[in-house]
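**Q** structure, please.
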Amino acid sequence: MFKLSRLALPFPRPVAGACALLGLAVLVHQPARAQTEAMLTLESLPRPTMPRAESGPVVPSQVLRWRQEAEAAEHGENGLPRDPVLAAQLYCRAARFGDAVAQYNLAWMLTNARGIARDDAQAAYLFAAAAEQGLPQAQAMAARLGEPLGAPPPCLRPPDGEAPPLAAQAVAARKPAPAAKPLAPPPPPPNAPEPIVRFVNLEAPKFQLAPHLVLAVMATESNFDAQALSPKNAQGLMQLIPDTAARFNVKRPSDPVQNIRGGMAYLRWLMAYFEGDVALVLAAYNAGERAVDRYRGVPPYAETRHYVRKILSAMGGQVSHPFDASVTKPSPMLALLRPRAS
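**A** Below you'll find the predicted structure:
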C-alpha cells in the first residue's frame, strides 16, 4: 500500500526548484549503486531477471507480487537495502500489466527523481493510466499534469515477446474472410439460473447480441449473483459501475432486469465502436474503451487478458460478432489496425 509520507501529501509537487532540491536530498542518502545509476531513464533501465517458473501467461497474483517487491526495494523493507533502480524495474513490470498502484508509484518516482531521471511527460502517462482505474491520488495528479503528450513510456507498452496474444485478432478481424457456416452456439453455463437464461434469450436479440455472449459475460462478471458488489462499486449481474449505469439510463442497478438491459446496451455500443471485434469488446467491458484505444488492442493488464481469454473460451473461440453501425461511430484506433492497401 502507499506509504504514510505519500498519504500525508496526496500528490507530489513537481515544481522544478522544489523537485531538484528533493532529488538532491534523496540522492545524498541513497546507497552507492543508486547514486551511480540515479540518472537512468525508463528506456535505459535493465529488465529484472524473472524466475523461469514465471514463464507463460501472466496472472494477477504475479503482478501483485512484483509491486510488493518493488515497494520493499524502494523503501528498504523486509531486511533488504533500499534499491530505487530495482524498485523502478519492478514497478515498470507491474505497471505494464495494469497495476494502478505500481503505475502511480513509478510516476511519483519520476516526478521526484527518486533514483531515476525525472520525466514529467512519462509520469503524466502513468498517472493517467492509474487514474483511469479509479485511483484517487492518480486522478489528482493526472488533472494537475494534463493530457499526456508524445509516445507512451515503455512501462505502458508490451515488450517484445510479451505482446498480448489477443491483440493480433483485432488485425485479423479487419481482413475479409470467406463466408463460413455459422457454428452452433455453446450451451448456457451450467450454473446459469433458468429464469435468467430465458430472459437473456428473449432480450439479447433486441440488443442485436448473441445470448451466449451475454451469458458468458455475466458468468465471468458476477457468477449470476444479482447482489454482487465489487470494490470499485460495480453492481449486479452485469457489474455496472455507476458511470456506466448512468450512461445507459439504468436508474436502479440493483434491479436485475435493469442491470441486464444496461449491460446489454453497453455491449451493443461496444460492438458498434469496435466493429464486432469480440476480443476488443470484452477488453473494453473489463478495462474501458479508452484503455483499448490507448493500447491499440487488448491492454496488457493481466486481469483483462485473463478475462478475455476466459470468455472467448466459453464462447468457443468466436472472434467476431454482428454489429449495428448506426449505434455509434467506430473507434478511430481501428483505422490504425487495418492493413494498408497494397
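
**Q** just give the closest residue to Leu40, not the sequence neighbours.
**A** Ile116 (5.4 Å; Cβ to Cβ, 6 or more residues apart in numbering). C-beta here means a position set from N, CA and C on the backbone, and glycine is covered the same way.

**Q** buried residues in the helix ranked longest in the chain?
**A** The longest helix of the chain (DSSP state H) is helix 256-273. By neighbour count on 16 or more other Cβ atoms under 10 Å, the buried set for helix 256-273 is 256, 258-273.

**Q** any regions of this protein where pLDDT drops low?
**A** Within the chain, the segments meeting pLDDT under 70 span 1-39, 47-56, 150-151, 158-183, 338-342.

**Q** hang on, the earlier thing: for the residue nearest to Leu40, grab phi and psi.
**A** Per-residue torsions, Ile116: phi -130, psi 160 (degrees, to the nearest 10).

**Q** I figured it hits Trp108, correct?
**A** No. Look at Ile116 against Trp108 with Cβ atoms under 8 Å: they stay out of range, at 11.1 Å.

**Q** give me the more crowded residue out of those two.
**A** Neighbour totals were compared for Ile116 and Trp108, and Ile116 leads with 27 against 24 (other Cβ atoms under 10 Å).

**Q** next one: that one from Leu110, what distance?
**A** Plainly put, Ile116 is 7 Å away from Leu110 if you go by Cβ to Cβ, to the nearest Å.

**Q** can you check Tyr301 too?
**A** According to Cβ to Cβ, Tyr301 and Leu110 sit 20 Å apart.

**Q** give me the more crowded residue out of the two.
**A** Neighbours of Tyr301 and Leu110, each counted by other Cβ under 10 Å, are more numerous for Leu110; the result is 29 against 26.

**Q** contacting residues for the more buried one?
**A** With contact set as Cβ atoms under 8 Å, 6 or more residues apart in numbering, Leu110 has these partners: 42, 116-120, 122-123, 126.

**Q** secondary structure element for the closest residue to Val257 other than its chain neighbours?
**A** Leaving out its chain neighbours, the residue that sits closest to Val257 by Cβ to Cβ, 6+ apart is Phe199, at 7.4 Å. Taking DSSP states H and E as the criterion, Phe199 maps to helix 194-203.

**Q** CA atoms of that helix as PDB?
**A** Listed next in PDB are the C-alpha coordinates belonging to helix 194-203 (Å, rounded to 0.1, in the frame of the first residue of the first chain):
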ATOM      1  CA  GLU A 194     -33.100 -20.900 -15.800                       C
ATOM      2  CA  PRO A 195     -35.100 -17.700 -15.400                       C
ATOM      3  CA  ILE A 196     -32.000 -15.600 -16.300                       C
ATOM      4  CA  VAL A 197     -31.300 -17.800 -19.400                       C
ATOM      5  CA  ARG A 198     -34.900 -17.400 -20.600                       C
ATOM      6  CA  PHE A 199     -34.800 -13.600 -20.100                       C
ATOM      7  CA  VAL A 200     -31.500 -13.300 -21.900                       C
ATOM      8  CA  ASN A 201     -32.700 -15.500 -24.800                       C
ATOM      9  CA  LEU A 202     -35.700 -13.200 -25.100                       C
ATOM     10  CA  GLU A 203     -34.000  -9.800 -24.600                       C
END
